[in-house]
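S.K.: Attaching a predicted model along with its sequence, questions to come.
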Number of protein chains: 2
Amino acid sequence: MGLLVLVTGGAGFVGSHTLVELLEAGHRVVVVDNCCNSARGQEAGQLPPALARVCTITGKTITAFHMVSLLDRDALAQVFAQHKIDVVIHFAALKAVGESVEKPLAYYSNNVTGTLTLLEVMNEAGVKRLVYSSSATVYGVPQYLPTDEQHPTGVGITNPYGHTKHICEQILRDLAATDKEWRVVLLRYFNPVGAHESGMIGEDPKGTPNNLLPYIAQVAVGKLDELLVYGGDYNTPDGTGVRDYIHVMDLASGHVAALDKLNSEDFQGAVAYNLGTGAGVSVLEMITAFTRASQKKIPYRVVGRREGDVATMVGSCVLAQQQLGWRASRDLHQMCVDAWCWQSQNPDGYA
Amino acid sequence: MGLLVLVTGGAGFVGSHTLVELLEAGHRVVVVDNCCNSARGQEAGQLPPALARVCTITGKTITAFHMVSLLDRDALAQVFAQHKIDVVIHFAALKAVGESVEKPLAYYSNNVTGTLTLLEVMNEAGVKRLVYSSSATVYGVPQYLPTDEQHPTGVGITNPYGHTKHICEQILRDLAATDKEWRVVLLRYFNPVGAHESGMIGEDPKGTPNNLLPYIAQVAVGKLDELLVYGGDYNTPDGTGVRDYIHVMDLASGHVAALDKLNSEDFQGAVAYNLGTGAGVSVLEMITAFTRASQKKIPYRVVGRREGDVATMVGSCVLAQQQLGWRASRDLHQMCVDAWCWQSQNPDGYA
């Protein structure tokens, strides 16, 4: 018998892919999303397209969708009153690093106050199990590589987005430290890319993409002229930045594994797990892999470094393997094939 | 011509003493306080006793008092609509370290969401000058002594209260970095003690005091039997913890100096200043000084260390002297005399 899982931000990129894995694992899902960064249903009462496609992919239904902001305490409490939620997976957040520098209050308010409101409402409803969507950005400038979960957090974070992730982790640790009924898994994502193999759901950024892969994909499909590569003089094999890219479906299955862990008898407190592959891929390697997968030329130009970027960020994912029985299984080629499948079938995203 | 200063938490300990200095410097004040930790007026429309006494001490009036929570966005916006505020001094916060461990959500919500809401309302009202009530607790475990403003912050903070102060500093720095109209002074208090020399206003903690001096004072006045000294085996001259105590009236005048700085032509961004004396005083030295000032015996007993306490915390206050033209002028004896004057005249605080 599955759980009833409340998924905040379920219409977003990682959220929608996780819904697929949750439904296929036999869980039921209630989705809360304000759709501020994701496509909405065309008519009132209609599911957002990402959610409708999740249903098509899985052949299952979404128990309920509530277009609610986490800042709307009363509406959120209503959701908990309507459904007997077992556990929450909390994706909802603003996530554009550059935008967070321009609009710090919006980021702190949506991400920190939004999370606090969710936790207060959960407390009142007696729902005290949470999987939190964190990020490798909490490690700041890495002091050693690959970074494991023992690496210091909060030092050298250069943007409000990163601060909000670190702050929410701290809040959850403090909460679990004082109230033993709380069980929390903090999932620190490295760089999620790719799409569901059907090509029906994928990453649908508004405006010019902030992340590498959607950017490459939009160049490949002809929506953008060329790719700007930020920095060619890093201390890496080819001079471009190295990251730990992880297929979003691997990430999604990591959430199902985290749910199992959270509900195991001996689990307690707040525990962080890296979700990555442990392998570093440079920007140029990614361009090569995407060219191979798409059979498209990717014009690119190397320009100056972007402030706040580090040369290399790669995670150790041994703990997740040991304790969650999870590891990423899809390789770089698969990431590019699936990203291209989504992008070529949906050149304008869900629009 | 003075400024119209909005003082949040103006009915509290540091807030009320700062009101005296603001009024005497020729500023006008609007006070916002939800009185969750301070005595209220006995009848509707009556000023809280701390504010009434501020008026008596100064012979001046408080322009307006609003019993409003910072979490009540609409009510707060109303305050800004009613008054043409020039600058805000933001004291309002929960401040008990131990309680913050027990009730982390209440602390994050009141202190962080409260500050965010205030900043958003200020932004909308076009009021972009703020003095923030921070704390030496942001330095965590000191890496060197005396800690100056360049000391790393956020590392080794052991309780949610401390985290909230560090988070709010970060929010304010991020805000000032992106919007050049924002001017922010972060005042990092060491250990405020004492009271106004009149003995009419002072520290009025609810329940058993968390801070040393009110605790000593309540023992001296006979409300508590003995003082528990947490830790006698620290690496300090007499084995008890050493802190940088500062007279609350010195702290208050530091806020007036900060206002002048904030309004000087060349000020920009967010700048932090320590407010302390630069001198360390041990618990046993404080007991001795208080005994001398009060002529009362202070029975005490040394017990185990309290988790999260450091041996010594002393600040360098050179920057405030150089840039604010401010330095603490009242010595330890004065702190004890004034604290005792308040306590002996008001054994039950404002009640």
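M.R.: Nice, thanks for sending it over.
S.K.: what comes up buried for the helix or strand A:Val31 falls within?
M.R.: Taking DSSP states H and E as the definition, A:Val31 sits inside strand A:28-32. If you call a residue buried by 16 or more other C-beta atoms under 10 Å in any protein chain shown, then strand A:28-32 has these buried ones: A:Arg28, A:Val29, A:Val30, A:Val31, A:Val32. C-beta: built from backbone N, CA, C; applies to glycine.
S.K.: Over to stretch A:309-321?
M.R.: Applying 16+ other C-beta under 10 Å to stretch A:309-321 flags A:Val310, A:Ala311, A:Thr312, A:Met313, A:Val314, A:Gly315, A:Ser316, A:Cys317, A:Leu319, A:Ala320 as buried.
S.K.: Assumed the last one was part of a strand.
M.R.: Read it as A:Ala320. No - counting by DSSP: H, G, I helix; E, B strand; the rest coil, A:Ala320 is not found in a strand; it is helix.
S.K.: show me the contacts for it.
M.R.: A:Ala320 makes contact with A:Gly254, A:Ala257, A:Tyr273, A:Asn274, A:Leu275, A:Trp326, A:Arg327 under the criterion C-beta atoms under 8 Å, 6 or more residues apart in numbering or on different chains.
S.K.: Narrow these to those in helices?
M.R.: The members of these that map onto helices under DSSP state H are A:Gly254, A:Ala257.
S.K.: got the contact list for A:Thr56?
M.R.: By C-beta under 8 Å, 6+ apart, the neighbours of A:Thr56 are A:Met200.
S.K.: element containing A:Leu224?
M.R.: A:Leu224 is part of no helix or strand when elements are defined by DSSP H and E.
S.K.: can you map out the helices along the stretch 151-300 of chain A?
M.R.: A:160-178, A:212-220, A:248-262, A:283-294 (DSSP state H, counting those that start in this stretch).
S.K.: if I pick A:Gly140, what's in contact with it?
M.R.: A:Pro152, A:Thr153, A:Gly154, A:Val155, A:Gly156, A:Ile157, A:Thr158, A:Gly162 are the contacts of A:Gly140 under C-beta under 8 Å, 6+ apart.
S.K.: if we go to 10 Å?
M.R.: A:147, A:151-158, A:162-163, A:166, A:310 (C-beta atoms under 10 Å, 6 or more residues apart in numbering or on different chains).
S.K.: same check, this time on A:Leu332
M.R.: By C-beta under 10 Å, 6+ apart, the contact set of A:Leu332 is A:193-194, A:245, A:247, A:277, A:279, A:281, A:285-286, A:288-290, A:292-293.
S.K.: And A:Asp338, by the same measure?
M.R.: By C-beta under 10 Å, 6+ apart, the contact set of A:Asp338 is A:193-199, A:202, A:247-249, A:293, A:330.
S.K.: With neighbour count, distance to chain B and pLDDT added, can I get these in a markdown table?
M.R.: Putting these into a markdown table (neighbours: other C-beta atoms under 10 Å in any protein chain shown; distance: C-beta to the nearest C-beta, whole Å; pLDDT from 0 to 100) gives the following:
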| residue | neighbour count | distance to chain B | pLDDT |
| --- | --- | --- | --- |
| A:Val193 | 29 | 28 | 97 |
| A:Gly194 | 27 | 32 | 97 |
| A:Ala195 | 29 | 33 | 98 |
| A:His196 | 22 | 35 | 98 |
| A:Glu197 | 15 | 40 | 98 |
| A:Ser198 | 15 | 40 | 98 |
| A:Gly199 | 17 | 38 | 97 |
| A:Gly202 | 29 | 31 | 97 |
| A:His247 | 26 | 33 | 98 |
| A:Val248 | 29 | 29 | 98 |
| A:Met249 | 23 | 34 | 98 |
| A:Ala293 | 19 | 38 | 96 |
| A:Arg330 | 20 | 36 | 98 |
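S.K.: pLDDT below threshold where in chain A?
M.R.: Applying pLDDT under 70 to chain A flags the ranges A:1.
S.K.: Secondary structure element holding A:Ala77?
M.R.: In this assignment (DSSP H and E), A:Ala77 forms part of helix A:73-82.
S.K.: Return the list of helices and strands in contact with that helix.
M.R.: Contacting helix A:73-82 under the criterion 3 or more C-beta pairs under 10 Å, 6 or more residues apart in numbering or on different chains; DSSP states H and E are the following elements: strand A:4-8, strand A:28-32, strand A:64-66, helix A:114-125.
S.K.: Tell me which of the ones you listed approaches chain B most closely.
M.R.: Among the helices and strands packed on helix A:73-82, helix A:114-125 comes nearest to chain B, with 5.2 Å by C-beta to the nearest C-beta.
S.K.: what inclination does the following helix or strand past that closest one have with respect to helix A:248-262?
M.R.: Downstream of helix A:114-125, the next assigned helix or strand under DSSP H and E is strand A:129-135. Strand A:129-135 runs at 140 degrees relative to helix A:248-262, counting by axes from the mean of the first three to the mean of the last three C-alpha atoms, to 10 degrees.
S.K.: and the angle from strand A:129-135 to helix A:160-178?
M.R.: Angle, strand A:129-135 to helix A:160-178, by the same axes, to 10 degrees: 150 degrees.
S.K.: List the neighbouring strands of strand A:129-135 plus their orientation.
M.R.: Applying DSSP bridges, strand A:129-135 is found paired with strand A:87-90 (parallel), strand A:183-189 (parallel).
S.K.: roughly how far is that strand from the heart of the chain?
M.R.: Strand A:129-135 has its C-alpha centroid displaced from the chain centroid by 10 Å (C-alpha atoms, centre = their mean, to the nearest Å).
S.K.: Can I get that strand in CSV, CA atoms only?
M.R.: What follows is strand A:129-135, C-alpha atoms only, in CSV (Å, rounded to 0.1, in the frame of the first residue of the first chain):
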residue,chain,number,x,y,z
ARG,A,129,7.8,13.7,7.5
LEU,A,130,9.5,15.7,4.8
VAL,A,131,11.9,15.2,1.9
TYR,A,132,13.5,18.6,1.1
SER,A,133,14.8,19.6,-2.3
SER,A,134,18.2,21.0,-1.5
SER,A,135,21.2,21.6,-3.6
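S.K.: Relative to chain B, which residue of the stretch 151-300 of chain A is the closest?
M.R.: A:Asp174 (3.8 Å).
S.K.: What is the burial count for that residue?
M.R.: 22 (other C-beta atoms under 10 Å in any protein chain shown).
S.K.: tell me which residues of stretch A:62-71 are tucked away?
M.R.: Buried-residue list, stretch A:62-71, by 16+ other C-beta under 10 Å: A:Ile62, A:Phe65, A:His66, A:Met67, A:Val68, A:Ser69, A:Leu70, A:Leu71.
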